[in-house]
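> Output the structure for:
(2 chains)
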Protein chains: 2
Amino acid sequence: MATTSREIRLKSRPDGMPQAENFELATATLRDPGPGEVLVRNLWMSVDPYMRGRMYDRPSYVPPFALGEALQGGAVGRVEASNDPKFQPGDLVDSMNGWREAFVAPGAALNKLPQTSAPPQAFLGVLGMPGMTAYSSFHRIGEPKAGETVFVSGAAGAVGSAVCQIAKIRGCTVVASAGSDQKLEWLKSVGVDAVVNYKKGDLLKQVREAAPKGIDIYFDNVGGEHLEVALEVARPFARFIECGMISIYNATEPTPGPRNMAYIVGKRIKMQGFIVSDFMDMREQFFADMGKWVGEGKIKWEETVENGIENAPKAFLNLFTGANTGKMLVKLG
Amino acid sequence: MATTSREIRLKSRPDGMPQAENFELATATLRDPGPGEVLVRNLWMSVDPYMRGRMYDRPSYVPPFALGEALQGGAVGRVEASNDPKFQPGDLVDSMNGWREAFVAPGAALNKLPQTSAPPQAFLGVLGMPGMTAYSSFHRIGEPKAGETVFVSGAAGAVGSAVCQIAKIRGCTVVASAGSDQKLEWLKSVGVDAVVNYKKGDLLKQVREAAPKGIDIYFDNVGGEHLEVALEVARPFARFIECGMISIYNATEPTPGPRNMAYIVGKRIKMQGFIVSDFMDMREQFFADMGKWVGEGKIKWEETVENGIENAPKAFLNLFTGANTGKMLVKLG
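Okay, here's the model as predicted:
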């Protein structure tokens, strides 16, 4: 009995903003699982801004996506058949084999998910890579102290909204920036102290009003103007957690950096980039703290869901137009 | 018996590049030292790029220089009269009362210098603030490991040349950038592995050739194009020690930052500014190590000397034209 799986392949490399025609839907026939292999049917897959980087053909910390092959990314699925004694049919697993409905892989490429009251897709969000990204870097680079002021850009996204809530748990004042009043209302409902709609009016002026004493930590998801504003309002010894610069990922021309870089010297700012895998030593602590906070209702999240593998490219493209609130997901099963 | 002292006052605030007419020479009559006070005649004074920042009327980590008053800065002098039992006539002291020939100050504003074989002006250079700046930040922010590659801009200056030699002592490969072949020859003579003349040809191309495997530490004295090039050639987890950005200190318009800021994320770069006073806990270790290295001839330095208080503005202005090799000093006594 041949199992088929529909999947999304990279048809051509985007030049600037990715377009629907860069992707194609195809059907693969899966072989039966061999020794040590497992057949998994995906329930949910993740789309994330970092995937844009892998669409360039250039050296990076992960190899570029290959043309004509299925894309990769985080996914949660259910085991259908297993030749690996560590997995049984019915087990929930996560993997990097997203962008497809089903797949066969060695058991070593899968993580069995714990039994919790959280829905499975939470392991692609607050209990998965975005949550770990927020938790690890906020503590390791941000070194937060109670009473400090934290500014978060892209605050309504999966990582940003986790940062906002972790910062509140740590006793910080939180100023959140996002691009719609609806997103900002939700952020207020989960406890942020002040909000800034970057699409409405002067960003610097708004941030100065929201944080009249300046900021101690900047969690950067977007780069560009937000980074310049953060340098302007930074207090001495501020820490800048450089998680992403989505504002320039699709730039086809080099984008000038902040015009006030000299503040890094004068204000003794620490600006540090990272990749979540740099902080894997914090994984157990992350699961312990976030699992507890999610269980206690102290960490909330929103999801924006597209249905069906055929809508995965649309979900990905929407990341760059600010269409999502919270974690952007594709429901596959 | 009235003591007079010629001094340099700030006559007007520079707009862009400072000019001779921003300064004026005046003569002050010193009062006799009161209880606890000391009369010092300066032998040497320092001019440093950071002084440009104090000429702006803006909030900063140190207050701006006042118009119509003597400027301030590092100086080494000899005690002529003392009402503080901790100081005797003939003692060598350093203070922040430069830009004048003599002064009266409380003993608490002076540091008595140790008896060493080093000449007194070394306490304005490798054994003073520039040396401490280099030593403390290179270790604390740079976290150097033997075998790593270090790129130093402004490498022929007082701080830069100390960094180059400390990096060699720590087993690193050193690539030095300066603006004249004569400076670079001197840097080669003190052990740097490769040199780049930023005034000759494409800076990125030259640095790529000098450091084909990339750089692990960038010691930044200049900002601007050098910073952009350093981001381009940085290896993963590179550390950027942000000591100064002399290329933009005199800018009258905001200067765009590096066009490749996104590398901070992708390469997990740490970029950190500092002021030497942040690392005062390293002062004893600094004197122990640098004193030993200077005594062993492992740290060398060059001086560019102007004679007489009347030439102090000229010495300061020359900092911005790259006229100095090594420590820029004014000999007063």
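> so what pLDDT did the closest residue to chain B within chain A get?
At 2.7 Å from chain B, residue A:257 is the closest residue in chain A, using CB to the nearest CB. Every residue, glycine included, has its C-beta placed from N, CA and C. With respect to pLDDT, residue A:257 scores 90.
> now residue A:252
Looking at residue A:252, the pLDDT reads 68.
> what residues does the stretch 201-333 of chain A put near chain B?
Within the stretch 201-333 of chain A, the residues that sit near chain B (CB under 8 Å from any CB of the partner chain) are A:223, A:227, A:236, A:242-245, A:248-249, A:254-275, A:278.
> quick one: which of those sit in strands?
Using DSSP state E, the subset of these located in strands is A:236, A:242, A:270-273.
> Disregarding residues adjacent in the polypeptide, which is nearest to the residue nearest in space to the middle of chain A?
Computing the C-alpha centroid of chain A and ranking residues by CA atoms, centre = their mean puts residue A:130 first, at 4.2 Å. Among residues not flanking residue A:130 along the chain, residue A:158 sits closest, at 3.7 Å (CB to CB, 6 or more residues apart in numbering or on different chains).
> what sits against the residue nearest to residue A:245 when sequence neighbours are not counted?
Nearest residue to residue A:245 in three dimensions, chain neighbours excluded: residue A:223, at 2.8 Å (CB to CB, 6+ apart). Counting by CB atoms under 8 Å, 6 or more residues apart in numbering or on different chains, residue A:223 touches A:244-248, B:261-262.
> Mind putting the residues you listed into CSV with pLDDT?
Below are the contacts of residue A:223 laid out as CSV (pLDDT from 0 to 100):
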residue, pLDDT
A:244, 89
A:245, 84
A:246, 77
A:247, 73
A:248, 68
B:261, 93
B:262, 91
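> Closest one to residue B:10 out of those residues, please.
residue B:261 (35.4 Å; CB to CB).
> tell me the contacts of that closest one?
The neighbourhood of residue B:261, defined by CB under 8 Å, 6+ apart, consists of A:223, A:227, A:245, A:248, A:255, A:257-258, B:231.
> Residue A:333 touches residue A:76, doesn't it?
No. At 9.4 Å, residue A:333 does not count as touching residue A:76 under the criterion of CB atoms under 8 Å.
> Overlap in contacts, those two.
Common neighbours of residue A:333 and residue A:76 (CB under 8 Å, 6+ apart) are A:42-44.
> thinking again about what came up before, surely the residue of chain A closest to chain B meets residue B:255?
No. Counting by CB under 8 Å, residue A:257 stays clear of residue B:255, with 9.8 Å between them.
> follow-up on the earlier one: of all pairs in the ones in strands among the residues of the stretch 201-333 of chain A next to chain B, which one is the farthest apart?
Of all pairs in those, the most separated under CB to CB is A:236 and A:273 at 21.4 Å.
> Same drill for the two, tell me which one is more crowded.
More crowded of residue A:236 and residue A:273, by other CB atoms under 10 Å in any protein chain shown: residue A:273, with 28 against 14.
> could you point out where the stretch 1-150 of chain A is predicted with low confidence?
A:1, A:60-61 (pLDDT under 70).
> What ranges does it have for its strands?
Along the stretch 1-150 of chain A, the stretches classed as strands by DSSP state E, counting those that start in this stretch are A:3-10, A:23-30, A:37-46, A:75-82, A:92-95, A:102-106, A:111-112, A:149-152.
> Looking at residue A:257 and residue B:255 now, which is surrounded by more residues?
residue A:257 (26 against 18).
> picking that back up, from the contacts of residue A:223, pick the one nearest residue B:317.
For these, the nearest to residue B:317 is residue B:261 (32.2 Å; CB to CB).
> And the closest one, how far from residue A:18?
21 Å (CB to CB, to the nearest Å).
> tell me the contacts of residue A:242?
A:220, A:271-274, B:264-265.
> The same query, at a cut-off of 6 Å, please.
By CB atoms under 6 Å, 6 or more residues apart in numbering or on different chains, the contact set of residue A:242 is A:220, A:273, B:264-265.
> And for it, nearest residue in space, chain neighbours not counted?
Sequence neighbours aside, residue A:273 is the residue nearest to residue A:242 in space, at 4.1 Å (criterion: CB to CB, 6+ apart).
> do the same with residue A:279
residue A:136 (3.5 Å).
> isn't the one you found right next to residue A:280, touching?
No. The pair residue A:136 / residue A:280 is not scored as a contact, 8.4 Å apart, by CB atoms under 6 Å.
> So for the two, which residue has more residues nearby?
Neighbours were counted for residue A:136 and for residue A:280 using other CB under 10 Å; residue A:136 has more, 21 against 11.
> how close does the more buried one get to residue A:192?
21 Å.
> And for residue A:243?
Distance, residue A:243 to residue A:192, using CB to CB: 17 Å.
> From the recorded domain assignment, give the ranges for chain A.
A:3-123+A:302-331, A:129-278 (automatic domain parsing).
> ok, residue A:111 - how many residues close by?
Residue A:111 has 13 neighbours, counted by other CB under 10 Å.
> An error on my part: the question was meant for residue A:221.
25.
> so how far does stretch A:109-118 reach from one end to the other?
Taking CA to CA, to the nearest Å, the first and last residues of stretch A:109-118 lie 23 Å apart.
> Pull the distance from it to the chain's centre.
Relative to its chain's centre, stretch A:109-118 lies at 19 Å (CA atoms, centre = their mean, to the nearest Å).
> So for it, what gets flagged as buried?
A:110, A:113, A:118 (16 or more other CB atoms under 10 Å in any protein chain shown).
> Have a look at residue A:243 and residue A:192 and say which one is more surrounded.
Using other CB under 10 Å as the criterion, residue A:243 and residue A:192 rank with residue A:243 on top: 31 against 24.
> Now for that one: which residues touch it?
Contacts for residue A:243 (CB under 6 Å, 6+ apart) come out as residue A:221.
> tell me the phi and psi of it?
Phi and psi for residue A:243, reported as degrees, to the nearest 10, are phi -90, psi -30.
> mind listing the helices for the stretch 51-200 of chain A?
A:51-54, A:129-140, A:158-169, A:181-189 (DSSP state H, counting those that start in this stretch).
> just the ones you listed: most buried one?
Most buried of the helices of the stretch 51-200 of chain A, by mean neighbour count (mean count of other CB atoms under 10 Å in any protein chain shown): helix A:158-169, with a mean of 26.
> Could you pull up the mean pLDDT of it?
96.
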